[in-house]
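Peer 1: Provide a 3D model corresponding to the input given below.
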Amino acid sequence: LADLGTINIGALNSTTTYDIESISYTNAPLCASNDAANGSVTVNVNPLPTASLGAGGNICNGSSFNIPMTLTGTGPWSVAYTANGVAQTAIVVNASPFSWAVSPSVTTNYCITSVTDANCSNSNNSALNQCAQVNVTPFPT
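Peer 2: Numbering: from 1, shown residues only. Below is the predicted model:
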């Protein structure tokens, strides 16, 4: 097979269709094709997925708290997070909005570090920057 070549289109922000107007040989024969003989190429751009958390709250030791989470993109999603700055095993979310049940034994700050959907991965903390703190009150003694 001959080298079909590459066209650099640069960074795209939205789905774009490129119409190929003319193709010509770089060596003999030096005849170009006409526009009607050439197709077009559509480049689909998938938006980066995001995750946003609702507010944290207060619980008694031994209780659970549901942190509301809303995701964009195409599920299912894999959401990586930290608990008090320590990386945790990512959770898999199948639908948005999602109610994330946590049961910390001490006050814990949960922060999203990346989210991956069916098409893309987003680990840009400035785009995510989502944290929710769950305050744990010990039982009185």
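Peer 1: C-alpha only now, for contacts and for neighbours.
Peer 2: OK.
Peer 1: hang on, residue 92 in a strand?
Peer 2: Yes. According to DSSP: H, G, I helix; E, B strand; the rest coil, the state of residue 92 is that of a strand.
Peer 1: show me the contacts for it.
Peer 2: If a contact means Cα atoms under 8 Å, 6 or more residues apart in numbering, then residue 92 has 76, 77, 78, 79 as its contacts.
Peer 1: so who does the second one touch?
Peer 2: Under the criterion of Cα under 8 Å, 6+ apart, the contact list for residue 77 reads 92, 93, 94, 115, 116, 117, 118.
Peer 1: what about the residue lying closest to it once chain neighbours are set aside, distance to residue 71?
Peer 2: Among residues not flanking residue 77 along the chain, residue 117 sits closest, at 4.4 Å (Cα to Cα, 6 or more residues apart in numbering). From residue 117 across to residue 71, the span is 9 Å (Cα to Cα, to the nearest Å).
Peer 1: where do the contact lists of those two overlap?
Peer 2: Common neighbours of residue 117 and residue 71 (criterion: Cα under 8 Å, 6+ apart): residue 49.
Peer 1: which residues does the closest residue to residue 83 other than its chain neighbours contact?
Peer 2: Here the nearest residue to residue 83 in space, its sequence neighbours aside, is residue 110; by Cα to Cα, 6+ apart that works out to 4.7 Å. Taking Cα under 8 Å, 6+ apart, we find residue 110 in contact with 81, 82, 83, 84, 131, 132, 133, 134.
Peer 1: run through the neighbouring helices and strands of whatever helix or strand residue 66 lives in.
Peer 2: Counting by DSSP states H and E, the secondary-structure element that holds residue 66 is strand 65-72. Counting by 3 or more Cα pairs under 8 Å, 6 or more residues apart in numbering; DSSP states H and E, the packing neighbours recorded for strand 65-72 are strand 50-53, strand 57-60, strand 98-102.
Peer 1: no more questions from me, cheers.
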